[in-house]
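> below are the sequence and a predicted model for it; my questions follow.
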Amino acid sequence: MTQTKQDLAGLFERMTGDEKHELAAASTLDVLWVLYDRVLNIRPDNADDPDRDRFLLSKGHGPMAYYAVLAAKGFIDAESLDDWTTFGSPLGAHPDHVLVPGVEISSGSLGHGLGLGVGTALGLRAQGRTARTFVLVGDGELDEGSNHEAIALAGRLGLDRLTVVAIDNSSSSHGWPGGIGRRFAVEGWATQTVDGRDHDALFRALTAEHPGRQAVVVATVEKKES
Amino acid sequence: MTSTVKLMRTVFADTVTDALDLDPRLAVVTADISAASFADARARHPDRVINVGIREQAMIGVAGGLALTGMRPVVHSYTPFLVERPFEQIKLDLGHQDVGAVLVSIGGSYDDPSIGRTHQSPADVALLDSLPGWTIHVPGHPDEVEPLLRDALAGDGRVYLRLSTRENAAAYPVDGRFTVVRTGREAVVLAVGPTLDHVLEATSALDVTVLYASTVRPFDHAGLRAAVAAASPNVVLVEPYLAGTSAHEVTAALADVPLRLRSLGVRRDLEVRAYGTAAEHDAVHGLDATGIAATVRQAIS
C-alpha cells in the first residue's frame, strides 16, 4: 500500500482525460494529504463508524488529488484509477459517495458542501458525538450564494467541531476584498490564513482549538492560470 | 371546504412536536415560516429544532447533513420556498446523497391568492415527480395528516407532504390505495386531495365512479385498473396542482387499455395575474364544481 506523499504523483498521473481541472486538482493535494495523513481519524476500517471524523469535499471538480489520497490510504485500489470516468468505474470526474468507499458526500455542483457540513456538524452535536467535520471549498466556489447562507448560519450556532478549508488559488472572478477570511470573520468564525503547501503550517491550523465557534483555514496556493 | 377540526398545519406541528419527544432521530428544520409553532419543542430539544432564518438553500442543505449522520429531518416552509427555491438542494443534498427527509409544505397551489404569484407553487408535485424515490401525499382533510405524517417520520425515505387550507368535509383511509367513493359506469373520476368535494358535487347526478387519492406517489395502478375494469376506460384526472401531473401514471397504469383521458388541474397555459380568493382561481382553472362537471360531461358524451 502506498503511504507517502511522494507516491501521490504517480497515483495522480494514472488518471488522464481531465486536464482542464488538473490545476484545480493539484491545488488541493497538500491539504488533502495533511488531512488524511495527520488530522482525520478516518481509515478504511472505520469508514462506517458514527464517531469518525467527516471530510466533505465540496469543490468536487478535479478530484484526482482526492482519489490519489484515498488510494494512498487504502480506501480504494490504485488499479481503479486507471479507468476512472469510464462507464463501469465508480470514480467519476465528480465524486459519488454512494459509489466510492470513504467519500462522505457526492459533489460537483458548487456551493453544496458548506450547507451539508453545517447539517453534519449539527447532527453529530445533537447525538452527543465529538467527531469533527471538515469541509473543503474553493475560493471560486465561494461565489455561490448558498455558501453565504451557510457561513452566516453557522456563525450563530457555535459549531466548534466544524472547520472549513478554503483553497485560495485566486480563481474567483471578482475576488474577495480583504481576503477570504474576512468574509468568515464578520460572521464570527475563527480564521487563519496559511501557505497551502506548508504541511506543518496546515497541520497546526487544522488542529487548532476554536472553542465556541467554527473555524476557517484559508490555504493559499499558486494563482490559477486562465 | 371549511375545516371542522384543526387546520392541517396545526396537526402537523402538534404531531411532530409530540414525536420529537419520543424519537431521538427526529429533527425539525425551518426557515422562519412556522418557526413559532415549534417554540415549545425547541425549548425542549434545542439541538434538534433548528430555525435557519430566511435561508432556504441552507435549510435543505442542513437537512441533508443531518440525514447523513443518521437523523430524520423534517423540513417545512411555504410551498414555493420549500420546493422551488431550493430545488437543486433537494435534488443533490437529499436525492444524490441518497438520504431521506420529510418535506412538509403549506400553501398548496394558491391557498391565498391575495398574496400573489410569488406565494403560489402549482408545479411543486411535478418538480418532485422529476426526481426518483419520492413518496408524495396530498391529504384532503386534517384527519388524514397525522397517520400519513407518523408513517413518514418512522421511515427513512424521501417523503413530501403537501398541506393546504382547502379541505374536504370528510376524511378517508390513508393506506396508499385509492378509495372508491362512488361507483358508476360511464367514467372514472380520480380526485386528488382537497378536490374531492368539488368532484362529488360535480358528479352527483352522473353515472361515474369517483376515486379518491391522498397519496399520488407511488400511484395506485392496481386501484385505477380495477375501477376502470368495473366502469369504463374513460378517465378524468382532477389534481389540485399543475394539470396533467399524474397523466403519465394513468397511461402507464392502463398501457394495455384503449384510454380516453382528460386532465384537470392548474392551467399550464397562463399565469393567472389576479388576486382574490381560491374559489375564484378554481373557476379560472376549471377546478370548481361547475368546471369539473363540464369536463366530466364532455368525457362521457
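Received, thanks.
> when you work out contacts or count neighbours from here on, use the C-alpha atoms and nothing else.
Will do.
> ok now the top helix by length along chain A, how far from the chain's centre?
When chain A is scanned for its longest helix (criterion: DSSP state H), the result is helix A:113-126. The chain centre lies 15 Å from the centre of helix A:113-126; the measure is C-alpha atoms, centre = their mean, to the nearest Å.
> which secondary structure elements does that helix contact?
Secondary structure elements in contact with helix A:113-126, counted by 3 or more C-alpha pairs under 8 Å, 6 or more residues apart in numbering or on different chains; DSSP states H and E, are strand A:54-57, strand A:133-138, helix A:145-155, strand A:162-168, helix B:56-68.
> now tell me what touches the shortest one from outside.
Residues from elsewhere that reach strand A:54-57, judged by C-alpha atoms under 8 Å, 6 or more residues apart in numbering or on different chains: A:40, A:42, A:103-105, A:107, A:113, A:117, A:131-137.
> of all those, which two lie farthest apart?
The most widely separated members of these, counting by C-alpha to C-alpha, are A:107 and A:131 (21.5 Å).
> residue B:269: neighbour count?
Residue B:269 sits with 7 neighbouring residues when counted by other C-alpha atoms under 10 Å in any protein chain shown.
> go on, residue B:196?
With neighbours defined by other C-alpha under 10 Å, the count for residue B:196 comes to 28.
> do I have it right that residue B:142 meets residue B:13?
No - in terms of C-alpha atoms under 8 Å, residue B:142 does not count as a neighbour of residue B:13; the distance is 11.9 Å.
> the two - which one has more neighbours?
Summary of the neighbour comparison: residue B:142 and residue B:13, criterion other C-alpha under 10 Å, with residue B:142 having more neighbours (26 against 18).
> strands of chain B, start to end?
If DSSP state E is used as the criterion, the strands of chain B fall at B:26-30, B:49-51, B:72-78, B:101-106, B:134-137, B:158-162, B:179-182, B:188-192, B:209-213, B:215-217, B:234-242, B:260-266.
> now for the fifth one, which elements pack on it?
So that's strand B:134-137. Using 3+ C-alpha pairs under 8 Å, 6+ apart as the contact criterion, the secondary-structure elements in contact with strand B:134-137 are strand B:158-162, strand B:215-217.
> give the rounded mean pLDDT of the last one.
Strand B:215-217 shows an average pLDDT of 98 in the prediction.
> listing partners with orientation, what would you give for it?
Each strand that strand B:215-217 pairs with, and the sense of that pairing, follows from DSSP bridges: strand B:134-137 (antiparallel).
> burial of residue 212, as a residue count?
Because you didn't say which chain, this covers chain A. Burial measure for residue A:212: 13 neighbouring residues, criterion other C-alpha under 10 Å.
> should've been chain B
Residue B:212: 24 surrounding residues under other C-alpha under 10 Å.
> now it: how far from residue B:196?
Note on residue B:212: its distance to residue B:196, by C-alpha to C-alpha, to the nearest Å, is 7 Å.
> show me what contacts the closest residue to residue B:221 other than its chain neighbours?
Leaving out its chain neighbours, the residue that sits closest to residue B:221 by C-alpha to C-alpha, 6 or more residues apart in numbering or on different chains is residue B:253, at 4.8 Å. Taking C-alpha under 8 Å, 6+ apart as the criterion, residue B:253 is in contact with B:221-222, B:224-225.
> tell me where chain B has helices.
Taking DSSP H to define them, one finds helices in chain B at B:8-22, B:39-44, B:56-68, B:79, B:87-89, B:124-129, B:142-154, B:196-202, B:221-230, B:247-253, B:278-285, B:289-300.
> average pLDDT across the last one?
This points to helix B:289-300. This predicted structure assigns helix B:289-300 an average pLDDT of 97.
> go on, the second one?
On average, the pLDDT along helix B:39-44 is 98.
> mind giving me the packing neighbours of it?
The elements that helix B:39-44 packs onto, with contact taken as 3+ C-alpha pairs under 8 Å, 6+ apart, are strand B:49-51.
> pull out the buried residues from the contacts of residue B:253.
The neighbour-count criterion (16 or more other C-alpha atoms under 10 Å in any protein chain shown) marks B:221, B:224-225 among the contacts of residue B:253 as buried.
> next up, the contacts around the nearest residue to residue B:282 once chain neighbours are set aside.
Closest residue in space to residue B:282, ignoring its immediate chain neighbours: residue B:288 at 5.1 Å, by C-alpha to C-alpha, 6+ apart. By C-alpha under 8 Å, 6+ apart, residue B:288 lies in contact with B:198, B:279, B:282.
> ok, residue A:109 next?
For residue A:109, counting by C-alpha under 8 Å, 6+ apart, the contacting residues are residue A:60.
> state the distance from it to residue B:95.
Relative to residue B:95, residue A:109 is positioned 14 Å away (C-alpha to C-alpha).
> do residue B:244 as well
Residue B:244 sits 24 Å away from residue B:95, going by C-alpha to C-alpha.
> and for residue B:233?
35 Å.
> go on, residue B:46?
Using C-alpha to C-alpha, residue B:46 is found at 27 Å from residue B:95.
> which one's more surrounded, those two?
A direct count of neighbours by other C-alpha under 10 Å for residue B:46 and residue B:95 places residue B:95 higher, at 20 against 14.
> separation between that one and residue B:181?
In this structure, residue B:95 lies at 35 Å from residue B:181, with C-alpha to C-alpha as the measure.
> same check, this time on residue B:19
From residue B:19 to residue B:181 the distance is 32 Å (C-alpha to C-alpha).
> which of these two has more neighbours?
More crowded of residue B:19 and residue B:181, by other C-alpha under 10 Å: residue B:19, with 18 against 14.
> wait, what's in contact with that one?
Under the criterion of C-alpha under 8 Å, 6+ apart, the contact list for residue B:19 reads residue B:26.
> same thing but 7 Å
Residue B:19 sits next to no residue when contact means C-alpha atoms under 7 Å, 6 or more residues apart in numbering or on different chains.
> okay, the helices and strands packed on strand B:134-137, which one's buried deepest?
Mean neighbours per residue, mean count of other C-alpha atoms under 10 Å in any protein chain shown, is largest over the helices and strands packed on strand B:134-137 for strand B:158-162, with a mean of 24.
> now do the worst-scoring helix or strand of chain A on mean pLDDT: distance to the chain's middle.
When each helix and strand of chain A is scored by mean pLDDT, DSSP states H and E, helix A:22-27 comes last, with a mean of 78. In terms of C-alpha atoms, centre = their mean, the centre of helix A:22-27 is set 13 Å apart from its chain centre.
> buried stuff in that helix?
When burial is assessed from 16+ other C-alpha under 10 Å, helix A:22-27 yields the following buried residues: A:22, A:24-27.
> next: stretch A:7-24.
Applying a neighbour-count criterion of 16+ other C-alpha under 10 Å, the buried positions in stretch A:7-24 are A:8, A:11-12, A:14-15, A:22, A:24.
> do stretch A:215-226 as well
Buried residues in stretch A:215-226, defined by neighbour count with 16+ other C-alpha under 10 Å: A:215-221.
> can you redo these as TSV with pLDDT and distance to residue A:200?
Compiled in TSV, the buried residues of stretch A:215-226 are given as follows (pLDDT from 0 to 100; distance: C-alpha to C-alpha, whole Å):
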residue	pLDDT	distance to residue A:200
A:215	98	18
A:216	98	17
A:217	98	13
A:218	98	14
A:219	98	12
A:220	96	14
A:221	95	15
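> these in strands, which ones?
Secondary-structure check on the buried residues of stretch A:215-226 using DSSP E: residues within strands are A:215-220.
> please consider this matter closed, and thank you.
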